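*Asks:* after the sequence you'll find the predicted model.
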Amino acid sequence: MDFLDLAKERYSVRKFSGKKVEKEKLDKILEAGRLAPTAVNFQPQRILVLDSEENLAKLKECTQYHFNAPLAILVCYDKTVSWKRKHDNKDEGEIDASIVTTHMMMEIANLGLGSTWVGYFDPAAVIQAYGLPENIIPVAILPTGYPSEESAPSAMHGKRVDMEQTVFFNSFEGVEKFSKTEQVAH
């Protein structure tokens, strides 16, 4: 499938069927994350696959946005491995983990599965529930599985801000003319 078609079709799935994700598909999802670019190719991503009933139950203590998915992928990074920008020591680990998450999310859709990016979780609860070491920082959770028959994109799915509100050439002149309300209204 053409990438732009895949990007348009992909939506945040919040209702899953009970069908388990096959190992072959999970392997492809994880490979998509492994192939994602990272700063200086340091590859600080650390992925925790949650597929047991016990670990999926723990997830419910960390976020209300688990959607009863049969599989969840916790994307983290190792802060001792991630690249730090020399000018201001900015840790690029969260960006790297986000790129990895996006690659996996798109492969999930490509395989006919569904997911949603969950950033609304209690990091301390995640760290405690899964015994994350001090150097492992949780960034995103991807509840993953086969969409249920009732699953559908949200009403806002197809709404996108006009490109001239987000793309500028050579300067940000005129950026202030678009308010947040105007952007969402389109």
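*Replies:* Arrived safely. Residues are numbered from 1 along each chain as shown.

*Asks:* state which helix of this structure is the longest.
*Replies:* helix 93-110 (DSSP state H).

*Asks:* which secondary structure elements does that one contact?
*Replies:* When contacts are defined as 3 or more CB pairs under 8 Å, 6 or more residues apart in numbering; DSSP states H and E, helix 93-110 sits against helix 3-9, helix 23-34, strand 45-50, strand 71-78, strand 114-115, strand 136-145. (C-beta placed from N, C-alpha, C; glycine too.)

*Asks:* angle of the longest one against strand 71-78?
*Replies:* Orientation note: helix 23-34 sits at an angle of 30 degrees relative to strand 71-78 (axes from the mean of the first three to the mean of the last three CA atoms, to 10 degrees).

*Asks:* what does helix 23-34 contact?
*Replies:* Identification of contacts with helix 23-34 by CB atoms under 8 Å, 6 or more residues apart in numbering yields 43, 45, 47, 49, 71, 73, 75, 100-101, 103-104, 106-108, 111, 113, 144.

*Asks:* distance between it and the chain's centre?
*Replies:* 14 Å (CA atoms, centre = their mean, to the nearest Å).

*Asks:* same question for that helix: list its buried residues.
*Replies:* Neighbour-count burial for helix 23-34, with 16 or more other CB atoms under 10 Å as criterion, is recorded at 25-26, 29-30, 32-33.

*Asks:* one more: stretch 6-14?
*Replies:* So stretch 6-14, judged by 16+ other CB under 10 Å, has buried residues 10-14.

*Asks:* which one of the residues you listed sits closest to residue 4?
*Replies:* Each of those was checked against residue 4 using CB to CB; the closest is residue 10, at 10.8 Å.

*Asks:* distance of the nearest residue to that closest one once chain neighbours are set aside from residue 51?
*Replies:* Spatially, and ignoring its direct neighbours in sequence, residue 10 is nearest to residue 109 (3.9 Å; CB to CB, 6 or more residues apart in numbering). Distance check for residue 109 against residue 51: by CB to CB, to the nearest Å, it reads 19 Å.

*Asks:* got it, and residue 75?
*Replies:* In terms of CB to CB, residue 75 sits 15 Å off from residue 51.

*Asks:* so for the two, which sits in the more crowded spot?
*Replies:* residue 75 (24 against 16; other CB atoms under 10 Å).

*Asks:* all good on my end, thank you.
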